[in-house]
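Q: Coordinates only, no sequence provided:
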Ligand code: MG
């Protein structure tokens, strides 16, 4: 009897001791519901009188390279800035922000190639909390006619918030993001007092409606909060092989 009990115990222990499968990036990618396609109207773009202009089409004075805070090296020409394919990586604002209203315009080149996540991939990190892709990403992608997981298409809070609609314009056309960011508030011990919220209009159409974030964006695994106070805004150089994407007319209004 004792031997039998021991054998049973050993079997049970062995069953429970099996290590859980390692998390995969596919675990957090969902394909439904597919946001309805909505054709946008014309969108405005001039900065209002009280805005801080972050990119005026002429210089990258307001931006640094994320990884070492050296001057940003994206290419500025014809009033727009374009991801530098020859290195440098992500760039972010010199200034840090808490709660704000942000306007960003972006364009996927007409001759874009690739598919899925490798087609015009970039991102607006609503708070850049560290080097690389650390922070909270509003996805930028060509989602005009390009299937991917819906919580990773343009207008998504990457791997958290499926956009309410798909108002993408064609590659080669300018698109607008108008964002209201409410920063998370943390307790002394780093726990979350109130979460972050994002409201996003994409080409004038609401795609995130006071969306409550679950934490910072992760490619693999579940989002998690890490205490911060104020943070720069970061633009992603995703490193795709296709032609790089461009930005213009970026401005922000601090919300006290
Ligand atoms: Mg991205």
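A: Received it, and whenever you're ready, just let me know what you need. Please read these numbers as outputs of a predicted model, since none were measured by experiment.
Q: Residue numbers of the stretch 51-200 of the chain in contact with the ion?
A: Neighbours of the ion within the stretch 51-200 of the chain, by Cβ under 5 Å from the ion: 121, 123. All C-beta spots, glycine's among them, are computed from the backbone N, C-alpha and C.
Q: now the strands: where do they sit in the stretch 51-200 of the chain?
A: 52-55, 63-65, 75-77, 80-82, 91-93, 100-107, 122-128, 135-140, 174-182, 185-186, 192-194, 197-202 (DSSP state E, counting those that start in this stretch).
Q: Make CSV out of those and add mean pLDDT.
A: Listed next are the strands of the stretch 51-200 of the chain as CSV, based on pLDDT from 0 to 100:
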stretch, mean pLDDT
strand 52-55, 98
strand 63-65, 98
strand 75-77, 97
strand 80-82, 97
strand 91-93, 98
strand 100-107, 98
strand 122-128, 98
strand 135-140, 98
strand 174-182, 98
strand 185-186, 98
strand 192-194, 98
strand 197-202, 98
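Q: mind giving me JSON lines with those strands and columns for mean neighbour count?
A: Formatted as JSON lines, the strands of the stretch 51-200 of the chain follow (neighbours: other Cβ atoms under 10 Å):
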{"stretch": "strand 52-55", "mean neighbour count": "19"}
{"stretch": "strand 63-65", "mean neighbour count": "21"}
{"stretch": "strand 75-77", "mean neighbour count": "14"}
{"stretch": "strand 80-82", "mean neighbour count": "20"}
{"stretch": "strand 91-93", "mean neighbour count": "24"}
{"stretch": "strand 100-107", "mean neighbour count": "21"}
{"stretch": "strand 122-128", "mean neighbour count": "25"}
{"stretch": "strand 135-140", "mean neighbour count": "26"}
{"stretch": "strand 174-182", "mean neighbour count": "20"}
{"stretch": "strand 185-186", "mean neighbour count": "14"}
{"stretch": "strand 192-194", "mean neighbour count": "12"}
{"stretch": "strand 197-202", "mean neighbour count": "21"}
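Q: Pipe those into a markdown table and attach distance to residue 20 per row.
A: Below are the strands of the stretch 51-200 of the chain laid out as a markdown table (distance: least, Cβ to Cβ, whole Å):
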| stretch | distance to residue 20 |
| --- | --- |
| strand 52-55 | 43 |
| strand 63-65 | 38 |
| strand 75-77 | 45 |
| strand 80-82 | 43 |
| strand 91-93 | 35 |
| strand 100-107 | 39 |
| strand 122-128 | 30 |
| strand 135-140 | 27 |
| strand 174-182 | 35 |
| strand 185-186 | 29 |
| strand 192-194 | 25 |
| strand 197-202 | 31 |
